[in-house]
Structures are given as structure tokens and as C-alpha cells.
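Chemist: Fold the following, please.
(chains A, B, C and D)
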There are 2 protein chains.
Amino acid sequence: MSHPAHAHAHERCNTASCEVCDMRHYTFCSVLEGKELSQLAAIVHREDIDQHRFLFQEGDAAHEVFNILDGTVKLYKSLPDGRTQITGFLFPGDFLGLSTKGDYSYSAEAITDVRVCRFQRRDLNVMFKDYPKLVDRLLGIASDELAAAQEQMLLLGRKTAQERILSFLHVMSERARRRGQPVSSLNLTMSRADIADYLGLTIETVSRTLTKLREKGIIKLPRPQEVVLAEGYDLAAAAEGDA
Amino acid sequence: MSHPAHAHAHERCNTASCEVCDMRHYTFCSVLEGKELSQLAAIVHREDIDQHRFLFQEGDAAHEVFNILDGTVKLYKSLPDGRTQITGFLFPGDFLGLSTKGDYSYSAEAITDVRVCRFQRRDLNVMFKDYPKLVDRLLGIASDELAAAQEQMLLLGRKTAQERILSFLHVMSERARRRGQPVSSLNLTMSRADIADYLGLTIETVSRTLTKLREKGIIKLPRPQEVVLAEGYDLAAAAEGDA
DNA sequence: GGTTCAAATTGATTTGGATCAATCCGCCCA
DNA sequence: TGGGCGGATTGATCCAAATCAATTTGAACC
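Modeler: Predicted structure coming up:
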């Protein structure tokens, strides 16, 4: 499992117009406007990345940062014997690539076909000088991610399998709600194996727990990738053990 | 367990001199010098906080940030039924209090008597305007914390009890090394219960695992709080399952 | 329509760490 | 000097989730 190449994927349409980008209200772009967005457009590279390819791998020199435009990305760390912990799933509007030590401390892999904005740290640093509000915004993003990471530590350290699954469904549904997407029916773009590696469980336990929730009438599973949430069920409370 | 008061602890020596502070080379202070440090000294409040008191609790309005000068602080989140996950231990030179949503998303409690620098967010925001390098530094700190959080997720999701304990000892010993402290003998300022809540284990498992490591000759335990590491043992590798 | 193959589900059994239950130890203080 | 007490250790038993082992499902392809 050595570097399967930095995805020389289909680089098309590099002349991006950040000014009319649907995602400009998310990630760090949201603090920029007008001329500032044009400046950003001058340094961004848009790129398609095929499913299963890496944006980067743990240990790579951290020269770039990314915004996700479309698709799903997983971030993860692994142990020498292959045990893997997914530390987060990224969706359109999410940002990744921060690093201080010069190397990425985790791997980022496309789990669907993905479209990204790619920036050179070097180019972006110039803009950070000109627009300190960009750094403010990045600090806000990092701070939010830290809060999410702490929530995930609570899940991994102390929650039961059922609470983990319910927490996962709750977070996914909250995200859909914030993005104005249908909230009762979730489209899971990741496999059971990825869910297991995210929740610190095995594939079998994820599958069994979902089946149990279906039998209790808490969810429906029309297809493995689609979860329909029962209305009037307090997912947030159940995810915290308030059964 | 409602708010046991924001520690009206012994406020003494408020006329701090950041210019000669031992800790000024750590946390965000490290990017400031001369006159800038004087400006910082004008807004800082030094304070002693007794063991078992809170710096703040989850849900409190996040008006303040802190640097630890002396002692040990634990950060944690809890579930309604009392299950607790400690997300980090803080020692002299560490920073805490970042928040975006206006409320702290976790609790911070002194597990020894503690001495801190307390800043009002409001006061600090003024300095952030004047010195953008402060925000840069904070972003660096947040980014490091994020990397540590991801490492902890790997531990909580995928490591065995023995690997967790070895990882913990490794991190503690690395920190001691970086601070120029004796590295072979660790002084644990936290209880077995705190270690358990940090590693997602029970007190009994922590104790048993330490005993097993002692029997294998990997550590000595002269006193419950003191761990002596065997020389020539590759802690880093063992903590990753490379037995 | 049949074949292939990976993903998901379901079933049987095992097990690492939790839980329940005594001690043990050191420290404080009368 | 001995009793009380909280923290730590050790022992016995249990159980939730892992592991091992078949199916089942469904999409892709001929």
C-alpha cells in the first residue's frame, strides 16, 4: 500500500469563477467578496478525483489545501497492522489540509468521485497576509472541527454500539437539515466498512445494529444506502443514552 | 452537579509581568516581544484555582481563555447518565478556551491546585486586530490540537487496553522530553479514574494493565503516581501494536 | 437470463474488558 | 498507635461486541 500516485486525475476547467461558485458561502470562501473572490479564482485549481484515489496520504508534504465541491472524502489514520480509524467524512463545502508540522498527519481518500478546489499553501499564504479575516475564518473552522473531534472521542470512548449508530444518523441528518436537504431520508455515500471504521465497530455490528433499529421501527432501510428516519423519534436524546 | 461556582479562588498578584514569565515561550505568547508583552500584561489576570474547581463548564458562555502556568487541568465531556470522556490533560504552557458557538463545548477542571493566566475574549480580540500573528499562532495551536485529537480517536476506536496505556505513557514521556524534564521517570498527577476516563477504559483495567507491564519488566511502579520506563524499550512501536 | 463478485446480512462462538466484589495500602489525624 | 477513609489493586464472573462462518442481495456484464 505505497503511494498509488497523487491522482493525475482529469484536470479540466481550471479557469474557475469563484464569484459564482455555489460553495462560496461555505468553507473559508464565505468571508470573501467581489474582487477578493477574483483574486482567489486566480490561484485555485479545480480538479476531478476518481473514487478510491487519494487527495493525499499521511506523511506527504503538506503543500496544498482543498475545498470539496462535490462527492465524499474520508480522512483516516491507520496502525501498522492495518487497523483503521476514520476521523471524519467530508462533503461539499468542507475544507481540509491544515497542518503545522509540514506533513499531513492523516490520509484523505475519495470514497465517491469527487470534485475539489485545490490551493497551494504558498499561494494562499499571500492572501492570508492581505486578508487577515481569512485566518480568522480558518481559526473558526479549526475550532469547530475540534469540538466535533471531542464529541467523537466521547462516542468512541464511552458509547454503546447502538448509541454510536444513532449519533451517526443524528449528525448526518443535522448536516442535511443545515444544507436545506431532505432530512427524513438519508443517502449514505459510504460503505458499511467505512461506517464501522468511523464508529470504532466492525461491519457485522454496524449491520446488526441497523437491523435492530429497523425491527424497532426507528428507521427504515429501503436500500442499504438509504436510511429513512421515523418521525417524532428523539434521535439526539437516544444518541446520548437517554432511552 | 450544577455550577459549583466559577471559583472565586484566591486572586492575588494581578500585576503580572508577561515580560519575564517562564511560560512566554509557549502557548500564544511566544509570538510576542517587548512592548507587545507589556500590552498583554495589561489585560491578563493571574489566578490560583484550587484542586477540583472548574475553570468553566460545558455550556457556560465562552467569554474567557486561559494559559496554564502551573498544575494540571482536565478537559472532558459527559453523557446524561454520567459516563465521562476526558478529551485532554493540560499542563503548564498549555492554552484553552477557544470556542465559536459562544458556549464552551466541554468542561475544564483543575485536578491539582492550578495557577492560570485568564484573559477576556473581548480584551484579546483587540490584540488580535493589532497583531494578526497572534491569530496565526492560535491557528497553529488549534491545528496541533486537531492532530492530537485524531491520534486519540485512533486510540479510542482501535487500540487494545495495553496499547492505550503504552500510548499514554509514550505521550507523557515525549512531553517531558520536550520540556527538558527527566524522561525515564514520569510523575502522574492524575488518578487512575482520570486515566481510565481518558483512555476509554475502567479503573480496574488501567490498574491490571499497569501491573502486567510491571510484571513484564517494561515499567516500574515505585508508587502509584510514579512510572519508571525501562530503557531501550521501544514505547512508540509497542503503542502501535508493533510487538 | 445466467454468471460473477463485492457488499451486506445473518448465525454460531469466542473473548477482552466490564462489572461485581473483596482486600490492600498509605495517609491523616485523634 | 490505631482507626477511618479514599485510592489502588486483585479476584471471580459476565456480557457486548469481535471473530469466524455461511448465506443473501444486487448490480455489472456477457
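Chemist: need the helices for chain A, in chain order.
Modeler: For chain A, helices defined by DSSP state H occupy the ranges A:35-43, A:121-130, A:132-158, A:161-178, A:192-199, A:203-215, A:235-238.
Chemist: Output the contacting helices and strands for the longest one.
Modeler: Okay, so that is helix A:132-158. strand A:84-90, helix A:121-130, helix A:161-178, strand B:73-78, strand B:84-90, helix B:132-158 (3 or more CB pairs under 8 Å, 6 or more residues apart in numbering or on different chains; DSSP states H and E). Just so you know, the C-beta spots here come from the backbone N, C-alpha and C atoms, and that holds for glycine as well.
Chemist: The ones you listed: which one's closest to A:Gln51?
Modeler: Judged by CB to CB, the one of those that comes nearest to A:Gln51 is strand A:84-90, at 14.2 Å.
Chemist: got any ranges where chain A has weak pLDDT?
Modeler: A:1-16, A:243 (pLDDT under 70).
Chemist: Dead centre of chain A: give me the residue that sits there.
Modeler: Nearest residue to the geometric centre of chain A (CA atoms, centre = their mean): A:Leu90, 1.2 Å.
Chemist: Who is the nearest residue to it once chain neighbours are set aside paired with across the strands?
Modeler: Spatial nearest neighbour of A:Leu90, chain neighbours left out: A:Val73 (4.2 Å); criterion: CB to CB, 6 or more residues apart in numbering or on different chains. Each beta-bridge partner of A:Val73 is listed here, defined by DSSP bridges: A:Leu90, A:Ala110.
Chemist: how close does the nearest residue to A:Arg83 once chain neighbours are set aside get to B:Ile43?
Modeler: Counting by CB to CB, 6+ apart, the nearest residue to A:Arg83 once its immediate chain neighbours are dropped is B:Arg158, at 4.4 Å. Using CB to CB, to the nearest Å, B:Arg158 is found at 43 Å from B:Ile43.
Chemist: what about these two, which has more around it?
Modeler: Taking other CB atoms under 10 Å in any protein chain shown, B:Arg158 and B:Ile43 do not tie; B:Arg158 has more neighbours (21 against 17).
Chemist: quick one: contacts for A:Phe89?
Modeler: A:72-75, A:111, A:190, A:194, A:198 (CB atoms under 8 Å, 6 or more residues apart in numbering or on different chains).
Chemist: So which of those reach DNA strand C?
Modeler: Among the contacts of A:Phe89, not one lies near DNA strand C by CB under 7 Å from any atom of the strand.
Chemist: For ChimeraX, write a command that selects the buried ones of these.
Modeler: Provided next is the ChimeraX selection string for whichever of the contacts of A:Phe89 are buried by 16 or more other CB atoms under 10 Å in any protein chain shown:
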select /A:72,73,74,75,111,190,194,198
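Chemist: So A:Phe66 sits against A:Leu55, correct?
Modeler: Yes - if you go by CB atoms under 8 Å, A:Phe66 and A:Leu55 touch, sitting 6.0 Å apart.
Chemist: What is the burial count for A:Lys220?
Modeler: Neighbour tally, A:Lys220, other CB under 10 Å: 14.
Chemist: Give me the neighbour count for A:Ile86.
Modeler: Neighbours of A:Ile86 (other CB under 10 Å): 27.
Chemist: now do A:Ile195
Modeler: Neighbourhood size, A:Ile195 [other CB under 10 Å]: 21.
Chemist: what sits against it?
Modeler: Here A:Ile195 is in contact with A:168, A:188, A:201, A:206 (CB under 8 Å, 6+ apart).
Chemist: tell me the contacts of the second one?
Modeler: Taking CB under 8 Å, 6+ apart, we find A:Leu188 in contact with A:172, A:195, A:224-227.
Chemist: okay but A:Gln162 is in contact with A:Thr209, surely?
Modeler: Yes - if you go by CB under 8 Å, A:Gln162 and A:Thr209 touch, sitting 5.6 Å apart.
Chemist: Can you lay out the contacts of A:Ile195 as TSV showing distance to B:Pro182?
Modeler: Shown next, in TSV, are the contacts of A:Ile195 (distance: CB to CB, whole Å):
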residue	distance to B:Pro182
A:Phe168	44
A:Leu188	50
A:Leu201	40
A:Val206	45
